[in-house]
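Novice: Mind folding the following:
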Amino acid sequence: MSQHTADADGDKARYDRATAHLDAPLAVVDLEAFDANAADLVRRSKGKPIRVASKSVRCRALLERVLARDGFAGIMSFTLAESLWLARSGFTDVLLAYPSVDRAGFAELTADASLAGAVTVMVDDPAQLDLIDAARPGGGSGGEEVRVCLELDTSFRLLGGGVRVGARRSPLRAPAQLAALARTVARRPGFRLVGLMAYEGHVAGVGDEVAGKPVFSRTVRVMQAAARKELARRRWEAVRAVRAVAPRLEFVNGGGTGSVQHTAAEAAVTEIAAGSGLYVPRLFDNFRSFSGRPAALFAQPVVRRPGPGVVTVLGGGYPASGVAGADRLPVPHLPTGLCYDPQEGPGEVQTPLLGPAADRLAIGDKVWFRHAKAGELCERFDRLQLVAGDRVVDTVPTYRGEGHAFL
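Specialist: Just a heads-up that it's a prediction; the model follows:
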C-alpha cells in the first residue's frame, strides 16, 4: 500500500468516525488542514498581510478564525450587501472587490459613519460615483464620506492586443487612466481614494502543473512568467501615478492563492489577497509552487448498490462557476478508486459511482467529495462540521445557514 493510499484511508476513517452520529449529506472543514493552509499562505506572503477573500470562505466563524492569526488582516468581499452585513457584524476592514449598483446599500453606507469607515468600495468608472451620489440621503454629496479603491486591469496582451489572457474586469489598464480617475475622485466631494487593487487571476487561479498535460503545463508556465514580468512593471507605474494624486494611499492589493509568493515580492504591493488556499479545492491541485491540504469536503450517502463495482449516492451535482467542463465538477475523493459514470456524471438527486472501491461500500456509508472551487460549496450547505482529529468539535453556520445568499 502506498503512503498516499494509507493517508487517504486514514482520513476517510477519521472523517467517518467524526461524523458517525450525523446523517449525510453534510459538509466538514478539517481544522488541522485549514490552519496548516493558513500558515503556508503566511509563509508565502513574506511578511505582507493577507486580506481574506470572503467568497472563498462564506462562513463568519471561519473568517474570524483566520483573521485571529498573525499575518491576516481585513476582508475582501464580493457584494455590497455582504460588506455591510460583515461590517455590522464587527469586521472593521472590508474591501468590496467588485463595483456595485446596489442603491439601497449605498444609501445605508452613506447614512452610517461606522459602516462608511469600515467598508471600501470598488470604482473603475465615474458613472459609479454618480450612482453612489444619487443614493445618498437627500441626493448629491450629502452623507458620509465613501472610501474608494480603483482596480487595474491585469490581463496579459500579445500581438498588439489581439490576444488577451486574463479576466475581463476593469477598463483601467494604463497608469494614465488610473491617474485620471484618481483625479476625478480627489476633486469630488464625499469620496476619498484609499486603495488600488490588481487581481492577476490568470496567474493566481490557473494551475501550471496539470497531470497528464505536460505541453499545456509548460505553455502556462511560460505565459505566466511573461505575464508576471509585464504586470510588475505596469503595476509599479500605476501605483506611482495614483500616489502622485493620492499620496496617502493606504493599500495596494494584489495576488491570489496561486501567486502569493510572486506578488509579495513586488515592492509596489502592500497586501495580498487569498482565500481559496484555506480550503484548497480541487482546482488548486495543479500548482508547482505550493501544495495545500484539502480542508473542506462534503459527504453524500450511499443509497443504492445497482450491481458489482457500482454504488449510487444521493445528489452531489454541485458544479462550480466558470467555463463549463469536467474541471468544474466535484470529484469523489474518499474512498479512492471511484469515478463518475460517463453517461450520467454527478446528478441532481442521484450520482452513480464506479470502481473497485464501490464493492467495499454498504448502504448508508459516506462517500467524501471535494468541490471544484472554494466557497461555492457553502451555497449547498447550511452548516459546516468542524473536525479536529476524529471528532466534530463545533458546528457553525455558513452564509446560507445565516439566511444570506448574497449572489
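
Novice: what residues are up against the residue sitting nearest the centre point of the chain?
Specialist: Among the residues of the chain, the one closest to the centroid is Ser56, at 3.2 Å (Cα atoms, centre = their mean). By Cβ atoms under 8 Å, 6 or more residues apart in numbering, Ser56 lies in contact with 275-276, 278-279, 373-375. C-betas here are computed from N, CA, C, even on glycine.

Novice: okay if I get the residues you listed as TSV plus pLDDT and distance to Arg44?
Specialist: Compiled in TSV, those are given as follows (pLDDT from 0 to 100; distance: Cβ to Cβ, whole Å):
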residue	pLDDT	distance to Arg44
Gly275	95	14
Ser276	94	13
Leu278	97	13
Tyr279	97	16
Lys373	94	20
Ala374	94	17
Gly375	94	20
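
Novice: Pairing partners for the biggest strand by length in the chain, with directions?
Specialist: Ordering each strand of the chain by length in residues (DSSP state E) puts strand 296-307 first. Applying DSSP bridges, strand 296-307 is found paired with strand 26-30 (antiparallel), strand 310-314 (antiparallel), strand 366-370 (antiparallel).

Novice: how about it: buried residues?
Specialist: The neighbour-count check on strand 296-307 (16 or more other Cβ atoms under 10 Å) flags 296-303 as buried.

Novice: go on, stretch 338-354?
Specialist: Neighbour-count burial for stretch 338-354 flags 338, 340, 346-347, 350-354 (criterion: 16+ other Cβ under 10 Å).

Novice: low-confidence ranges in the stretch 151-300 of the chain?
Specialist: Within the stretch 151-300 of the chain, the ranges that satisfy pLDDT under 70 run 158-159, 166, 201-209, 220.

Novice: quick one: the strands in it?
Specialist: Remark: strands assigned in the stretch 151-300 of the chain by DSSP state E, counting those that start in this stretch are 156-158, 163-165, 191-198, 251-254, 271-274, 296-307.

Novice: among these, which is nearest Ala87?
Specialist: Closest to Ala87 of the strands of the stretch 151-300 of the chain is strand 191-198 (Cβ to Cβ; 15.2 Å).

Novice: helices or strands next to the closest one in the packing?
Specialist: Applying 3 or more Cβ pairs under 8 Å, 6 or more residues apart in numbering; DSSP states H and E, we find strand 191-198 packed against strand 119-123, strand 146-151, helix 175-187, helix 214-245, strand 251-254.

Novice: how about the ones you listed in CSV, adding mean neighbour count?
Specialist: Formatted as CSV, the helices and strands packed on strand 191-198 follow (neighbours: other Cβ atoms under 10 Å):
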stretch, mean neighbour count
strand 119-123, 26
strand 146-151, 23
helix 175-187, 18
helix 214-245, 17
strand 251-254, 24
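
Novice: Dump stretch 91-105 to CSV, keeping only the CA atoms.
Specialist: These are the backbone C-alpha positions of stretch 91-105, laid out as CSV (Å, rounded to 0.1, in the frame of the first residue of the first chain):
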residue,chain,number,x,y,z
PHE,A,91,-15.4,43.3,10.9
THR,A,92,-13.7,46.7,10.6
ASP,A,93,-11.8,46.5,7.3
VAL,A,94,-13.9,45.2,4.4
LEU,A,95,-12.8,45.9,0.8
LEU,A,96,-15.6,45.3,-1.8
ALA,A,97,-13.7,43.7,-4.7
TYR,A,98,-16.3,44.4,-7.4
PRO,A,99,-18.3,47.6,-8.4
SER,A,100,-21.9,47.7,-7.1
VAL,A,101,-25.1,49.3,-8.3
ASP,A,102,-26.9,48.5,-5.0
ARG,A,103,-28.7,51.8,-4.4
ALA,A,104,-30.3,50.8,-1.2
GLY,A,105,-26.9,49.5,0.0
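
Novice: And it, what's buried?
Specialist: When burial is assessed from 16+ other Cβ under 10 Å, stretch 91-105 yields the following buried residues: 91, 93-100, 102, 105.

Novice: Show me which of those residues is closest to Asp16.
Specialist: Checking those against Asp16 with Cβ to Cβ, the nearest one is Phe91 at 35.2 Å.

Novice: and that closest one, what does it touch?
Specialist: Neighbouring residues of Phe91 by Cβ under 8 Å, 6+ apart: 63, 67, 75, 118.

Novice: again with Glu230
Specialist: When contacts are counted by Cβ under 8 Å, 6+ apart, Glu230 is found next to Phe156.

Novice: So which residues of this structure form helices?
Specialist: Using DSSP state H, the helices found in the chain span residues 3-18, 31-45, 60-67, 80-88, 103-111, 113-118, 126-135, 175-187, 201-204, 214-245, 260-264, 276-279.

Novice: quick one: which of the ones you listed is nearest Gly307?
Specialist: Proximity to Gly307, assessed across those by Cβ to Cβ, is greatest for helix 3-18 (23.0 Å).

Novice: between the helices of the chain, which one is nearest to Thr270?
Specialist: Closest to Thr270 of the helices of the chain is helix 214-245 (Cβ to Cβ; 9.2 Å).

Novice: Would you pull up how far the closest one lies from the middle of the chain?
Specialist: On the basis of Cα atoms, centre = their mean, to the nearest Å, helix 214-245 sits 21 Å off its chain's mean C-alpha point.

Novice: Excluding chain neighbours, what is closest to Ser100?
Specialist: Nearest residue to Ser100 in three dimensions, chain neighbours excluded: Leu80, at 4.0 Å (Cβ to Cβ, 6 or more residues apart in numbering).
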